[in-house]
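Undergrad: predicted model and sequence below, questions to follow.
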Amino acid sequence: MIELWNMLPLVIQILLKIIAIVLPLLGLVAYYTLAERKVIGYMQVRIGPNRVGWRGSLQPIADAVKLMMKEIVLPAKADKTLFLIAPLLSLTPALAAWAVFPFDAGLVLADIHAGLLYILALTSLGVYGIIIAGWASNSKYALLGAMRSAAQIVAYEIAMGFALVGVLVAAGSLNLGEIVAAQSGNVFTWFWLPLLPLFGVYVISGVAETNRAPFDVAEGESEIVAGFHVEYSGMAFAVFFLAEYANMILISALTAILFMGGWLSPLPQAWASGVFLLDDGFHWLLLKTFFFMFLFLWLRATFPRYRYDQIMRLGWKVFIPITIVWILVVAVGVVAKMPPWWSA
Amino acid sequence: MGFEKFLFYCFAAITVAAAAMVITRRNPVHAVLWMVVAFVSSAALWLLLEAEFLGIVLVLVYVGAVMVLFLFVVMMLDIDIATLRAGFIKYLPVGALVATVMLVEIVLIVGPGNFGLDVFPAPPAAGVEVNNTRDLGMMLYTVYVYPFELAAVILLVAIVAAIRLTLRHRTDTKFIDPARQVEVRKGPDRIRILKMPAVVEAETQE
């Protein structure tokens, strides 16, 4: 098997690896939409979708077929090229960011030194899809939605970037695999504890970055109908939808990697080493990612939408100062070799 | 021709073509988007030079932040193309002169006299283990720490100046002060609890 794999040209090997990452990801996106409707349903004492398949388990497929059958309407005064490029521009960065994401020790498509920087750069490109969609639609609602969304993403990107600076100061590396390795020990040596304020800022900024409730003023159904994608229908709309959920999964997985020790087991090495399912492994990463994905849904079912000025105030006047102060604290801790995180 | 050279010519061609589109597009939004393309392909060129930190930071800072703000402003402008093009012939000689001077300067500095292969031999390819970011940081914060801090201070001055120039305190706007909102107490400020006797509904007369 391994010999057969090594015989393949490098390009084919990489292509197969990309498929092995993207296909499960798209499957996860599909079932994340079902999970969202089910979870929020139960939180609101409803049943949620339960007609297609066993307890609604085929609902995502029915949705996908419905969206594919629908006509893609091109508004008469729209900028046609940009209108069609915009959904792709929002989906591509969300998928390409997974290239440097490690799924287990050494299990990564591109093990580059500046992995964290690469992810930061790609997630900052996602905003183009939204802005271009809003402008190309030639509709006031879409333009207003795009404006709100862009301002919000730019504001929270700074806080998020600073939170990541804290992580890289603590880990001393930009490589995601090394960041996880720097957290090894037990649940208390993971970075969520020494970087607790940054952890909070990162998770909340992640919700704001993906334009999810309670930060979903960009969609604001009651004010601007649906924001930047109001003119989109059929598959073009579905691609935006895919991008939003792929981004949520990416943020959840990144939180698990950067602050919750990735694939590391929460138990100390002495207890867990070699024990089936307790030892470090991909299943821990999956479990942690699923927790943060659940958190996204939980937040949506719990909180009312933020007012726009409150969003801006939270981003600029609360989060950015917190992160700057805590970067200083972390730097002092690293220089002073504070145990148990930086004693080595 | 090696694969690397092929990639270089691809990205160089894209950069030049995109830059040409920036100055020829009539719609300013399209021009900004072509500029984004030019930035991304120059980032790819830097990656070919094994400057991964600079390449990624170019995308992060220029494409991810600066051009987003550009786009933000340009999208909201209502630009009349006719008035923009009115002075084209009048300004053409001045523009051509400036362009020629700049071109000559660039050729003089970056030309083969200074950066030719005989003056500046191609550096040996760095191994996979060379960490570009770490090396750059080491240089920046030790050898070049004073120029670096100076640049930072100059940028800070620019930020403060820009904010000070545009900041106007208007007194007639209504706004909500969250600090005062939080201060409100349940007792005297927000709600009053009144004692009211129970009211018995009067019997309706038929």
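TA: Perfect, I can see it now. As the structure is a prediction and not an experimental result, all values here were calculated from the model. Numbering: from 1, shown residues only, chains lettered A, B, ... in the order given.
Undergrad: chain A contacts on chain B?
TA: B:29, B:33, B:36, B:52-53, B:56-57, B:59-60, B:63-65, B:68-69, B:71-72, B:75-76, B:131-134, B:175-176, B:178 (CB under 8 Å from any CB of the partner chain). To be clear about C-beta, it is placed using only N, CA and C from the backbone, and glycine gets the same treatment.
Undergrad: if you set the cut-off to 10 Å instead, what comes out?
TA: B:27, B:29-30, B:33, B:36, B:40, B:43, B:52-53, B:55-61, B:63-65, B:67-69, B:71-72, B:74-76, B:128-134, B:175-176, B:178 (CB under 10 Å from any CB of the partner chain).
Undergrad: quick check on those residues: which are buried?
TA: B:29-30, B:33, B:36, B:40, B:43, B:52-53, B:55-60, B:63-65, B:67-68, B:71-72, B:74-75, B:131-133 (16 or more other CB atoms under 10 Å in any protein chain shown).
Undergrad: looking at these, which are in helices?
TA: For these, membership in helices holds for B:29-30, B:33, B:36, B:40, B:43, B:52-53, B:55-57, B:67-68, B:71-72, B:74-75, B:132-133, with DSSP state H as the criterion.
Undergrad: ramachandran angles for residue B:168?
TA: In terms of degrees, to the nearest 10, the main-chain angles of residue B:168 are phi -130, psi 130.
Undergrad: also residue A:104?
TA: The phi/psi pair for residue A:104 (degrees, to the nearest 10) is phi -160, psi 170.
Undergrad: in contact with it, which residues?
TA: A:177, A:180, A:262, A:263, A:280, A:281, A:282, A:283, A:284, A:285 (CB atoms under 10 Å, 6 or more residues apart in numbering or on different chains).
Undergrad: next secondary structure after the helix or strand of chain B with the lowest mean pLDDT?
TA: Least confident helix or strand, chain B: helix B:81-86 with a mean of 68, by mean pLDDT, DSSP states H and E. Using DSSP states H and E, the helix or strand that directly follows helix B:81-86 along the chain is helix B:88-110.
Undergrad: spatially central residue in chain B, please.
TA: residue B:66 (0.9 Å; CA atoms, centre = their mean).
Undergrad: surely that residue touches residue B:57?
TA: No: here residue B:66 lies out of contact with residue B:57, judged by CB atoms under 10 Å, at a distance of 11.8 Å.
Undergrad: shaky segments in chain B?
TA: B:1, B:79-84, B:186-191, B:204-206 (pLDDT under 70).
Undergrad: pull the contacting residues for the closest residue to chain B within the stretch 101-250 of chain A.
TA: The minimum distance from the stretch 101-250 of chain A to chain B, using CB to the nearest CB, falls at residue A:124 (2.8 Å). Applying CB under 10 Å, 6+ apart to residue A:124 gives the contacts A:93, A:153-154, A:157, A:160-161, A:209, B:59-61, B:63-65, B:68.
Undergrad: just the ones in strands from the residues you listed, please.
TA: Judged by DSSP state E, those include no members of strands.
Undergrad: next, format those as a markdown table and append distance to residue A:239.
TA: As requested, these are arranged in a markdown table below (distance: CB to CB, whole Å):
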| residue | distance to residue A:239 |
| --- | --- |
| A:93 | 13 |
| A:153 | 18 |
| A:154 | 23 |
| A:157 | 22 |
| A:160 | 24 |
| A:161 | 27 |
| A:209 | 18 |
| B:59 | 22 |
| B:60 | 24 |
| B:61 | 27 |
| B:63 | 21 |
| B:64 | 21 |
| B:65 | 25 |
| B:68 | 21 |
